[in-house]
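[1] Could you work out the structure for the sequence below:
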Amino acid sequence: MDEKPNGNGTHRAWPDIDQAPLLEELVADLVHKLNNPLAAILGYAELVLPKIEDPEIKKEIEVIRTEAERASHIVRNLVASTKKRTLRKERVDLNRLVEEVLRAKADELRLKNIQVKMALGRPLPSTQVDPQQIKQVLINLINNAEEAISTFHGFGEIHVKTLLCDGRIEITFADDGPGIKAEDIPKIFSLFFTSKGKGMGMGLPISHAIILQHGGRMWGESEWGNGAAFHITLPITEENEEKGSSGRVGNLRGFTGLVIDDESPVLAFVSQYLVLAGAEIDTATNTEKALKILEEKKIDFIVCDMKMPGIDGEGFYRIVGEKMPFLQPRIIFSTGDVMGRSTKAFLSSIKNPWIGKPFDLEHLKETILDVLNSVNK
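    Below is the predicted model:
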């Protein structure tokens, strides 16, 4: 900070541009601290729901999960608005991605008397996108439509359509809510603009930025009193080489994994889920114990937290590279520190996959399967 005297000899400190990184680090630390407990709440809610038979208790746990997901969504929006994330593209069937998002929202929409009408173009060519970022866009759009309908007349319809148009894939979300006022339409993609009286006004601008980063387009259409429609187009990008599907590992049965995390609740629900998925799991709350396990047992995959006391995830990666280099490609990193400079620099410098906390357990399993298929080619 620059310190400048005023007329009576006292000094005032004026912030300058060089102080911006400090703010970024403070936000990064906040996000890291929030993501760990959110990961535990969501993970345990996901594990306990299938075990509950009482419909009232099940409904209450659903509320816990929904609210935790909402908090997680706010954190992700904060991250996305602060810094543009590197795309991690995969070959994806966009129809399947749309169906996943709608399936996750089905019960909530049913309770609110909202019907979803799907018209998915088939077959659509698969394309290369970052599935987590595109899923975030779809969640933003379905949430906006749900809120518009609920506040307008308490029931209604959301129409979701996909099609192939001029060599691009188009996705449309349309609702029969109140629509958007003419004077507000030019502002809807502006950061922090909201006409709802609540929320942070980040969903649409972040979604727009994600689609642009994918080489696509996004726009909205509305007539006040007659609902709103949002359209996305994405280019069809092919892989350089089609990967053969023969011999691909499809489940975790028979594999042995190691989960490393100093957050006991996260360690517990992740290991419990992977055991239910068929894997044999060892756990460690620090990298020293993890290294000892690796010396004593054959491990097929490793899920390692980045931020830990003592030797952190980066240090663990370096040691494994020196002592057991054949295991390095089998490491998957998990982190709540999705904004930290050193964490991002390290993860960008390696080829290993990573997942941000809180994460979807099914996504974790798919990431592990991708690693197993990659190292077992």
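
[2] Surely Lys307 and Phe333 touch.
    No - between Lys307 and Phe333 there is no contact under CB atoms under 8 Å: 10.3 Å. All C-beta spots, glycine's among them, are computed from the backbone N, C-alpha and C.

[3] Any regions of the stretch 251-377 of the chain where pLDDT drops low?
    Counting by pLDDT under 70, the stretch 251-377 of the chain shows low-confidence ranges at 338-339, 377.

[4] Tell me which stretches of it form helices.
    264-276, 287-296, 313-323, 341-349, 361-375 (DSSP state H, counting those that start in this stretch).

[5] Take the ones you listed and lay them out in a markdown table including mean neighbour count.
    What follows is the helices of the stretch 251-377 of the chain, written out as a markdown table (neighbours: other CB atoms under 10 Å):
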| stretch | mean neighbour count |
| --- | --- |
| helix 264-276 | 18 |
| helix 287-296 | 16 |
| helix 313-323 | 17 |
| helix 341-349 | 15 |
| helix 361-375 | 17 |
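
[6] Could you point out which of the ones you listed sits nearest Val101?
    Proximity to Val101, assessed across these by CB to CB, is greatest for helix 361-375 (12.9 Å).

[7] Go ahead and measure how far the closest one is from the middle of the chain.
    For helix 361-375, the separation from the chain centroid amounts to 16 Å (computed by CA atoms, centre = their mean, to the nearest Å).

[8] what angle separates that helix from helix 264-276?
    60 degrees (axes from the mean of the first three to the mean of the last three CA atoms, to 10 degrees).

[9] quick one on the thing from earlier: okay, the helices of the stretch 251-377 of the chain in JSON lines with distance to Ala174 next?
    Shown next, in JSON lines, are the helices of the stretch 251-377 of the chain (distance: least, CB to CB, whole Å):
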{"stretch": "helix 264-276", "distance to Ala174": "36"}
{"stretch": "helix 287-296", "distance to Ala174": "50"}
{"stretch": "helix 313-323", "distance to Ala174": "44"}
{"stretch": "helix 341-349", "distance to Ala174": "37"}
{"stretch": "helix 361-375", "distance to Ala174": "28"}
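
[10] Identify whichever of those lies nearest to Ala106.
    helix 361-375 (15.9 Å).

[11] Just the C-alphas of that closest one, formatted as CSV.
    C-alpha atoms of helix 361-375 as CSV (Å, rounded to 0.1, in the frame of the first residue of the first chain):
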residue,chain,number,x,y,z
LEU,A,361,-18.9,-39.4,-5.8
GLU,A,362,-19.9,-40.9,-9.2
HIS,A,363,-17.5,-38.4,-10.9
LEU,A,364,-14.8,-39.6,-8.5
LYS,A,365,-15.4,-43.2,-9.5
GLU,A,366,-15.4,-42.3,-13.2
THR,A,367,-12.1,-40.4,-12.8
ILE,A,368,-10.5,-43.5,-11.1
LEU,A,369,-11.7,-45.7,-13.9
ASP,A,370,-10.2,-43.4,-16.4
VAL,A,371,-6.9,-43.6,-14.6
LEU,A,372,-7.0,-47.4,-14.4
ASN,A,373,-7.8,-47.6,-18.1
SER,A,374,-5.0,-45.2,-18.9
VAL,A,375,-2.3,-47.0,-16.9
